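In: sequence and predicted structure, then a few things I'm wondering about:
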Amino acid sequence: MAETGQEQVALPASQAKLEALLQTQRTFFTADAADKVAKLTAASSATIACLDDELEGLPATQREALAVRAEAARVRGRALDAFESFSEEAELLLSTAVKLDSTNVDGWNALGENLWKKGDHAGARNCFESGLRQSANIRSHIELSKLLRIIHGGSAEEQAALRRESLVHAKASVQLGFSDPEAWLGLGNAYVTIYFQLTRAPADLERALQAYARAEAHGPECPDVYYGRAQVLKFREEYASAMVDFRRAAELDPSLPGVQEADGIMSWMVRVADLVARQGRIKPKRLKQLCAPLRSVKGVAEHGAEAVSVAELVTGARQNAGRAVALKPILPLGEATEVPARYICADCEGAFVVLSLYHIDANRLSDRDTVVVTAPDVVAVKWPEAGARGEDAGEDGLSGAAGVGRAASREAAATEEGALSEMEGDGAADSAPKFRSIQVRDPAMLRVNGKAPRATAAGALRIQTTVSSSG
């Protein structure tokens with residue numbers, strides 16, 4: 001049985017060797033790339049040696065049959081193409097395989113992956129589509145969906161059409177393999193692409209998270225699922241969950257920077273919580289001067305909204321319908337071009353909150369600006385559980401990946417613990433919110449100095465994966 005489940009001619013021993021090789025390619029992860037190359041090289045050589053022996057044992061008439069020659073070329077070419085770099089010899093063999101037997105779906109898919117490595121996206125697309133013309137199969141849909149997400153060039157309409165077609169193929173792969181975790185992973189990544197490049201609809205990110213959950217449920221565990229989901233959760237400011245997924249991804253694949261990502265989130269949270277707790281480290285007199293004009297800000301009443309303070313806001317967006325809060329940006333948290341762009345802000349009472357602007361062109365805000373947010377969507381940011389912070393998860397107190405970044409994690413954890421203790425005080429609960437964030441996704445819900453900002457151009461969140469052609 002081959003990769004697509006398609007019955008092939010009788011070369012069972014070498015086909016089994018090839019399947020084992022491809023399983024190693026998909027599931028063996030190590031911090032040292034050379035280790036994986038060595039393992040793949042040994043498995044590739046064993047597959048080719050097995051194929052030679054198997055062919056030698058066949059009668060000459062059977063060995064020269066077109067179907068056998070085609071499958072032998074596919075197995076040999078696929079074995080040579082098990083590495084990240086392009087193989088010209090593999091291309092020649094796989095091209096021969098589909099010329100000898102144009103109905104060989106696995107041959108078309110293998111040649112498509114080979115040409116993708118070469119940078120021949122048009123040729124790769126033609127191969128995957130040829131595989132689908134032979135029969136509906138999961139692999140062609142999965143690979144074609146990935147490919148259509150990374151092809152660039154052409155008009156905006158053409159790019160949008162490619163991304164939508166990518167989603168169609170991702171959905172088709174799930175329909176053919178409802179319990180296939182790779183199909184669900186591809187669907188999640190397709191929805192992320194749709195969100196960032198086309199719709200900006202939060203529902204698409206929610207669909208992505210649902211697809212990742214399906215991939216996780218159908219197992220086995222895949223680092224790409226955890227890493228992709230962690231990036232979406234971080235973007236949505238669900239930091240505790242993001243840290244858990246980043247660390248799990250690194251545990252499964254030590255080459256991924258999951259520990260560093262989780263540590264970075266924790267450091268950022270500590271810094272922001274400190275700034276909020278210390279009121280931006282601004283002297284009280286200066287803070288009072290900055291916030292005083294907020295009591296009579298224009299632009300609240302025109303929305304028919306009730307002016308409220310940060311303290312009166314509740315978590316969520318629907319609960320704050322009909323309300324508006326005026327804010328004074330105090331400090332930027334990163335670059336204005338980042339998504340979301342974040343600022344430490346104060347209200348008329350001098351209460352501090354984080355303002356997160358999603359896909360909104362507000363330039364770089366400063367304390368000279370006044371911001372009014374209608375129907376504020378409020379998120380309460382809490383510390384993650386100890387295990388997600390990298391504590392009490394093993395002999396060395398970290399849940400990191402087999403030693404990756406452990407020294408840095410120890411140092412970061414020690415620094416953060418000091419800051420945490422100082423801010424929490426004795427007996428403070430980890431579950432208590434440490435600061436709140438107001439998320440703004442709709443420019444219509446925002447006024448900067450009385451004017452509505454514009455939405456920014458489409459951007460992209462890169463979903464990092466462990467295989468170069470994955471996405």
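Out: Received, thanks.

In: where does the prediction get shaky in the stretch 251-400 of the chain?
Out: Under the criterion pLDDT under 70, the flagged ranges of the stretch 251-400 of the chain are 298-303, 386-400.

In: how about the helices in it?
Out: Applying DSSP state H, counting those that start in this stretch to the stretch 251-400 of the chain gives helices spanning 258-277, 284-291.

In: export these to CSV and tack on distance to residue 439 and mean neighbour count?
Out: For every residue, glycine as well, the C-beta is placed using N, CA and C. Below are the helices of the stretch 251-400 of the chain laid out as CSV (distance: least, Cβ to Cβ, whole Å; neighbours: other Cβ atoms under 10 Å):
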stretch, distance to residue 439, mean neighbour count
helix 258-277, 14, 21
helix 284-291, 22, 14
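
In: nearest to residue 106, out of the ones you listed?
Out: For the helices of the stretch 251-400 of the chain, proximity to residue 106 was assessed by Cβ to Cβ; helix 258-277 is nearest, at 32.9 Å.

In: counting by contacts, list what the closest one packs against.
Out: Under the contact criterion of 3 or more Cβ pairs under 8 Å, 6 or more residues apart in numbering; DSSP states H and E, helix 258-277 touches helix 223-235, helix 239-252, strand 341-346, strand 352-357, strand 377-382, helix 406-424, strand 433-440.

In: and the ones you listed, which one is worst for confidence?
Out: Of all the helices and strands packed on helix 258-277, mean pLDDT reaches its minimum on helix 406-424 (a mean of 41).

In: OK, contacts around residue 11?
Out: 51, 54, 55, 68, 71, 72, 75 (Cβ atoms under 8 Å, 6 or more residues apart in numbering).

In: before we move on, the earlier item: export the helices of the stretch 251-400 of the chain to CSV and append columns for distance to residue 172.
Out: Listed next are the helices of the stretch 251-400 of the chain as CSV, based on distance: least, Cβ to Cβ, whole Å:
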stretch, distance to residue 172
helix 258-277, 31
helix 284-291, 55
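
In: what's whichever strand or helix holds residue 172 packed up against?
Out: Assigned by DSSP states H and E, residue 172 belongs to helix 156-176. Applying 3+ Cβ pairs under 8 Å, 6+ apart, one finds that helix 156-176 contacts helix 138-150, helix 181-194.

In: just give me how far it sits from the chain centre.
Out: With Cα atoms, centre = their mean, to the nearest Å as the basis, helix 156-176 stands 18 Å off its chain's centre.

In: nearest to residue 207, out of the helices of the stretch 251-400 of the chain?
Out: helix 258-277 (23.2 Å).

In: for the closest one, C-alpha coordinates in PDB please.
Out: Extracted in PDB, the C-alpha atoms of helix 258-277 (Å, rounded to 0.1, in the frame of the first residue of the first chain):
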ATOM      1  CA  GLY A 258       9.200  27.300  21.400                       C
ATOM      2  CA  VAL A 259      11.000  27.700  24.700                       C
ATOM      3  CA  GLN A 260      12.400  31.100  23.600                       C
ATOM      4  CA  GLU A 261       9.000  32.200  22.400                       C
ATOM      5  CA  ALA A 262       7.400  31.200  25.700                       C
ATOM      6  CA  ASP A 263      10.100  32.900  27.700                       C
ATOM      7  CA  GLY A 264       9.700  36.000  25.500                       C
ATOM      8  CA  ILE A 265       6.000  36.100  26.200                       C
ATOM      9  CA  MET A 266       6.600  35.800  30.000                       C
ATOM     10  CA  SER A 267       9.200  38.600  29.900                       C
ATOM     11  CA  TRP A 268       6.900  40.800  28.000                       C
ATOM     12  CA  MET A 269       4.000  40.200  30.400                       C
ATOM     13  CA  VAL A 270       6.200  41.000  33.400                       C
ATOM     14  CA  ARG A 271       7.400  44.200  31.800                       C
ATOM     15  CA  VAL A 272       3.800  45.300  30.900                       C
ATOM     16  CA  ALA A 273       2.400  44.400  34.300                       C
ATOM     17  CA  ASP A 274       5.200  46.300  36.000                       C
ATOM     18  CA  LEU A 275       4.400  49.400  33.800                       C
ATOM     19  CA  VAL A 276       0.700  49.200  34.600                       C
ATOM     20  CA  ALA A 277       1.300  48.700  38.300                       C
END
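
In: what angle separates that helix from strand 377-382?
Out: Between the axes of helix 258-277 and strand 377-382, defined by axes from the mean of the first three to the mean of the last three Cα atoms, to 10 degrees, the angle is 110 degrees.

In: surely residue 198 meets residue 164?
Out: Yes. Using Cβ atoms under 8 Å, residue 198 makes contact with residue 164 at a distance of 7.4 Å.

In: may I have the phi/psi pair for the nearest residue to residue 144 once chain neighbours are set aside?
Out: Leaving aside its chain neighbours, residue 144 sits nearest to residue 128 (4.1 Å; criterion: Cβ to Cβ, 6 or more residues apart in numbering). Residue 128 adopts backbone torsions of phi -60, psi -40, taken as degrees, to the nearest 10.

In: how near is residue 128 to residue 152?
Out: Using Cβ to Cβ, to the nearest Å, residue 128 is found at 18 Å from residue 152.

In: who has more neighbours out of those two?
Out: Ranked by neighbour count (other Cβ atoms under 10 Å), residue 128 and residue 152 place residue 128 first, with 28 against 7.

In: does residue 371 have beta-bridge partners, and which?
Out: On the basis of DSSP bridges, residue 371 is bridged to residue 327, residue 448.

In: these two touch, right, it and residue 330?
Out: No. Between residue 371 and residue 330 there is no contact under Cβ under 8 Å: 11.1 Å.

In: which one's the longest helix in the protein?
Out: helix 33-56 (DSSP state H).

In: can you report how many residues neighbour the residue nearest to residue 446 when sequence neighbours are not counted?
Out: Using Cβ to Cβ, 6+ apart and skipping residues adjacent in sequence, the residue nearest residue 446 is residue 440, 5.1 Å away. Neighbours of residue 440 under the rule other Cβ under 10 Å: 24.

In: quick one: secondary structure of residue 209?
Out: helix (DSSP: H, G, I helix; E, B strand; the rest coil).

In: residues in contact with it?
Out: 188, 229, 232, 233 are the contacts of residue 209 under Cβ under 8 Å, 6+ apart.

In: now these in CSV, with distance to residue 305 and neighbour count?
Out: Converted to CSV, the contacts of residue 209 look like this (distance: Cβ to Cβ, whole Å; neighbours: other Cβ atoms under 10 Å):
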residue, distance to residue 305, neighbour count
188, 36, 27
229, 35, 29
232, 31, 24
233, 30, 22
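
In: returning to what we had before: next SSE downstream of the longest helix of the chain?
Out: Immediately after helix 33-56, counting by DSSP H and E, sits helix 60-63.

In: now that next one, how far from the chain's geometric center?
Out: 49 Å.

In: quick one on the thing from earlier: give the buried residues for the longest helix of the chain.
Out: 36, 40, 43, 44, 46, 47, 48, 50, 51, 54, 55 (16 or more other Cβ atoms under 10 Å).

In: packing partners of it?
Out: Secondary-structure packing of helix 33-56 (3+ Cβ pairs under 8 Å, 6+ apart): helix 12-27, helix 66-80.

In: change it to 10 Å
Out: helix 12-27, helix 60-63, helix 66-80 (3 or more Cβ pairs under 10 Å, 6 or more residues apart in numbering; DSSP states H and E).

In: closest to residue 384 out of these?
Out: helix 12-27 (28.1 Å).
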